[in-house]
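Asks: Turn this into a model:
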Amino acid sequence: MKNKQYRIEKGLLLFTQPRSPYFYGKIRFNKKYITKSFAPITDKQEAIYALYNWKSQLMSQTTSVSEKKIQNLRSDYVEFKEIKNDFQFLDVGRFDPDKLTPDNRKIHFVEIYGDYNEIEAANQAHRCLDCGNPYCEWKCPVHNYIPNWLKLVNEGNILEAVELCHQTNSLPEVCGRVCPQDRLCEGACTLNDGFGAVTIGSIEKYITDKAFEMGWKPNLKSREWTDKKVAIIGAGPAGLSCADVLTRAGIHSHVFDKHEEIGGLLTFGIPEFKLEKKVVKRRRKILEGMGVKFNLGKEIGRDISFEKIYNDYDAIFLGMGTYTSLEGGFQGEDLPNVFKAIDYLIGSNKKLLGINNPEEKYINLKGKDVVVLGGGDTAMDCNRTAIRQGAKSVTCIYRRDEKNMPGSRKEVINAKEEGVKFIFNTQPVDLLGNEKVEAVKTIQTRLTDPDHNDRQIPVPVPNSEKFYNADAVVIAFGFRASPAPWFDNFQITLKGNGLIKTNIDEENYEFQTSNEKIFSGGDMVRGSDLVVTAVWEGREAAKNIIGFLNVHK
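Replies: Presented below is the predicted three-dimensional model:
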């Protein structure tokens, strides 16, 4: 067998060796070629993904001397001059960081948005009107001090800005990347009415990334450790935020999670093209440096008994999220090649992370006509993952119109640019096939007038059935509660929908369950929601745990 060589682009090569089915990658870096084995990858498309991911890692971890000189000449390290222009929003329009072209980003799993340099960030930050009653701050679920840290960016004071970010948000670098700012802070920006909202999310990302680059670490000099310790079950955004606040207060925080890495769905649900996992790993180092202890790959109730946790700790926080997929309730959901979104995304992310777990199967949709059912951010993640796997076609079917889609507007735009076809006002009613799924039967819908929640209800249109061919179907209708079997043994009261009930009566602490020693927050209390709302609930629960521990000394 001869070796094969593929030129992916200038300075990027793939090749095979004689008598070996596995791919190797070669990258020109710092004027030299370096080589890496991608074994056991034998699929060319997968090898291309691996090649681009390797390139991204090299670029993020190593900066050559020549590159540093270029950066110095550009703007990032020159002496900063504060911008003073009361009419900046008139003279300078909204400018978003560049993003990769659709053809480029469709073939690899890396973040598609670029970064501001110092001058660009300052120019955009100074567009803020510093409203007397900042709507952006109130619309933000964690109530970030947005105008204040925008002013600090304009002044070039990044370290003070990042400290201010962390006063309200334990994961600002994550929220800057994955929050639907168009529906939250930026959607409420005064300049959104004709001038273009301030690019709050991109500036938040810039602040944290720049501060980490400068070596920022939390200032814990005034912290005094107590003898109290809290177990946090679940290393998702709620659990991490709870651990952050408790540790800053001198309370020992031990975090347990069934997965092999921290982040929960940040790591295993959200694809790399929205949130590269090096960002979460960097946060892990920060938290560990603060004193947080992680116990990973340990499922409570299977690997460790909850009774032991309950007896060993002064308080417990449950932040285990919602991992049970909602079903459509129609015929054919059990056919082969019908997948749940959570299984599809977790399998894909673990494959890219090199984590082999037989319980989580990798689902490859290469060459298939894929239909994704749903209209939220999870559906967009599935659409765009299938594109990157090399699906023949990807069609997204949603029962309402585009205006009523619950997902981020920019994610819908990104999906369209990458080749996803959207079918609106269409509801699936059956999945058809013999040995595997072959088609989706649908019916058209019309929307009623808005109800008391300002939500329009889709109503079927008679005699409007239509069929869409499909080799694979991904059901992305969201997630529901996943109560653990040991809840009953510890008097943890649930609501009718399986979510944990907190704030039982006026004498309780906020986020306290029916068992006074156990607190909970995030999706398993609220239901499947945003990363930023889980961050807020984790932080608020921690504050109440501190109050509880101060009373029960």
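
Asks: Name the helix or strand of this structure that has the lowest mean pLDDT.
Replies: The helix or strand of the chain with the poorest confidence is helix 65-74; it has a mean of 35 (mean pLDDT, DSSP states H and E).

Asks: Could you point out the helix or strand that follows that helix?
Replies: Reading on from helix 65-74 to the C-terminus, the next helix or strand found by DSSP states H and E is helix 88-91.

Asks: and the first helix or strand past that following helix going along the chain, what's its mean pLDDT?
Replies: The helix or strand immediately downstream of helix 88-91 is helix 102-105, counting by DSSP H and E. Confidence for helix 102-105, expressed as mean pLDDT, is 92.

Asks: Give me the residues contacting helix 102-105.
Replies: Contact with helix 102-105 is made by Lys99, Ile112, Phe273, Glu417, Glu418, Gly419, as judged by C-beta atoms under 8 Å, 6 or more residues apart in numbering. Glycine gets a C-beta too; all of them are placed from N, C-alpha and C.

Asks: ditto for stretch 490-507
Replies: Residues from elsewhere that reach stretch 490-507 (C-beta under 8 Å, 6+ apart): 306, 310, 318, 480-483, 487, 508, 510-515, 518-521, 524-527.

Asks: Can you flag the buried ones in those?
Replies: Among the contacts of stretch 490-507, those buried by neighbour count (16 or more other C-beta atoms under 10 Å) are 306, 310, 318, 480-481, 483, 487, 508, 511-515, 518-521, 524-527.

Asks: follow-up on the earlier one: now, among the contacts of helix 102-105, which is nearest to Val535?
Replies: Using C-beta to C-beta, Phe273 is the member of the contacts of helix 102-105 that sits closest to Val535, with 21.7 Å.

Asks: gap between that closest one and Arg105?
Replies: Per C-beta to C-beta, to the nearest Å, Phe273 is found 7 Å from Arg105.

Asks: wait, Gly433 sits on Ala439?
Replies: Yes: because the distance of 6.9 Å satisfies C-beta atoms under 8 Å, Gly433 is recorded as touching Ala439.

Asks: returning to what we had before: intersection of neighbour lists for Phe273 and Arg105?
Replies: By the contact definition C-beta under 8 Å, 6+ apart, Phe273 and Arg105 are jointly contacted by Ile112.

Asks: per-residue confidence for Tyr313?
Replies: Listed pLDDT for Tyr313 reads 98.

Asks: what about it, how many neighbours?
Replies: Number of residues near Tyr313 (other C-beta atoms under 10 Å) recorded here: 18.

Asks: Just the pLDDT at Asp43, thanks.
Replies: We have a pLDDT of 77 for Asp43.

Asks: ok, and the closest non-adjacent residue to Asn219?
Replies: Distance criterion C-beta to C-beta, 6 or more residues apart in numbering; nearest residue to Asn219, sequence neighbours excluded, is Glu163 at 7.5 Å.

Asks: Can you verify Ala197 is assigned to a strand?
Replies: No: when the secondary structure is assigned by DSSP: H, G, I helix; E, B strand; the rest coil, Ala197 falls in coil instead of a strand.

Asks: Now do the contacts for it.
Replies: Contact analysis of Ala197 by C-beta under 8 Å, 6+ apart lists Arg94, Glu186, Gly187, Cys189, Leu191.
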